[in-house]
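Asker: just coords:
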């Protein structure tokens, strides 16, 4: 009798495990995973799934998700300026935000990551103006970019591959000098141009004193070269 009960109990456990494996992952499960990855400081890997979650049907406007996106962008040197814009824009949507039950002073966070606020150096004044008029990041400051436009632009950038020490000669339709030795400038130019299918960034001193960017109407064959960093959409 005891042996039969043990067998029945084992069978029941196996059935429960099988049923559990078939239960779909919920949006909350996804958010919990993203939260864990963010708090572990995995900013290189968490950004893309955060953006996908935010713009999914189950995501939507959520202070915690937007906050994680903004902070993650600030931790990525190539996206820091966008991260600052994103955090500033959040003050209009979330005038009195809370995270884990605690009030978050967004103005203080922005100063910590981005330096003095371009609108006001008084955190209380900035928060008040955000709550009353929603005009923060407009009058008296440079034009703020729409948060969705920021997310879309970052997703386009992330969709471009990065090929270090690779040239892709040919199919050029536009080339220009860059303001600094940063391949991200070339990558962003391609990401924001619908005609661009690939790019090649040429390091300083290889073709000219300055770094140079080549935008391409197609994806030519890759060729190994220390001169360049290329990418394909």
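Answerer: On my side now, so go ahead. These figures come from a predicted structure and were not determined experimentally.

Asker: mind jotting down where the strands sit in this protein?
Answerer: 98-99, 102-103, 163-167, 172-177, 198-202, 212-216, 223-232 (DSSP state E).

Asker: format these as CSV; extra columns: distance to residue 87.
Answerer: Any C-beta I mention is one placed from the backbone N, CA and C, and that applies to glycine too. What follows is these, written out as CSV (distance: least, C-beta to C-beta, whole Å):
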stretch, distance to residue 87
strand 98-99, 13
strand 102-103, 16
strand 163-167, 30
strand 172-177, 31
strand 198-202, 29
strand 212-216, 29
strand 223-232, 27
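
Asker: quick one: buried residues of stretch 161-170?
Answerer: By neighbour count on 16 or more other C-beta atoms under 10 Å, the buried set for stretch 161-170 is 163, 166, 167, 168.

Asker: span of it from start to end?
Answerer: Its first and final residues considered, stretch 161-170 spans 18 Å by C-alpha to C-alpha, to the nearest Å.

Asker: now do stretch 67-81
Answerer: First-to-last residue span, stretch 67-81, C-alpha to C-alpha: 15 Å.

Asker: distance of the residue positioned nearest the centre of the chain from residue 209?
Answerer: The centre of the chain sits closest to residue 47, judged by C-alpha atoms, centre = their mean, with a distance of 4.5 Å. From residue 47 across to residue 209, the span is 34 Å (C-beta to C-beta, to the nearest Å).

Asker: before we move on, the earlier item: now the strands of the chain in a markdown table, with mean pLDDT and distance to residue 55?
Answerer: A markdown table is the format used below for the strands of the chain (pLDDT from 0 to 100; distance: least, C-beta to C-beta, whole Å):
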| stretch | mean pLDDT | distance to residue 55 |
| --- | --- | --- |
| strand 98-99 | 91 | 21 |
| strand 102-103 | 93 | 27 |
| strand 163-167 | 96 | 27 |
| strand 172-177 | 97 | 30 |
| strand 198-202 | 97 | 25 |
| strand 212-216 | 98 | 27 |
| strand 223-232 | 96 | 23 |
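
Asker: which one, of the ones you listed, ends up nearest to residue 156?
Answerer: Comparison of the strands of the chain against residue 156 by C-beta to C-beta identifies strand 223-232 as nearest, at 11.4 Å.

Asker: so what touches that closest one?
Answerer: 160-169, 183, 186-187, 190, 197-203, 206-207, 219, 222 (C-beta atoms under 8 Å, 6 or more residues apart in numbering).

Asker: what comes up buried for it?
Answerer: Residues of strand 223-232 classed as buried under the neighbour-count rule (16+ other C-beta under 10 Å) are 225, 228, 229, 230, 231, 232.

Asker: by mean pLDDT, flag the weakest helix or strand of the protein.
Answerer: Every helix and strand of the chain was ranked by mean pLDDT, DSSP states H and E. The lowest is helix 123-132, at a mean of 37.

Asker: what stretches of the protein score poorly on pLDDT?
Answerer: Within the chain, the stretches with pLDDT under 70 are 1-29, 57, 59, 117-144.

Asker: which residue ranges of it form helices?
Answerer: Here the chain has its helices, by DSSP state H, at 2-22, 27-39, 43-54, 63-75, 80-93, 106-114, 123-132, 147-159, 183-191.
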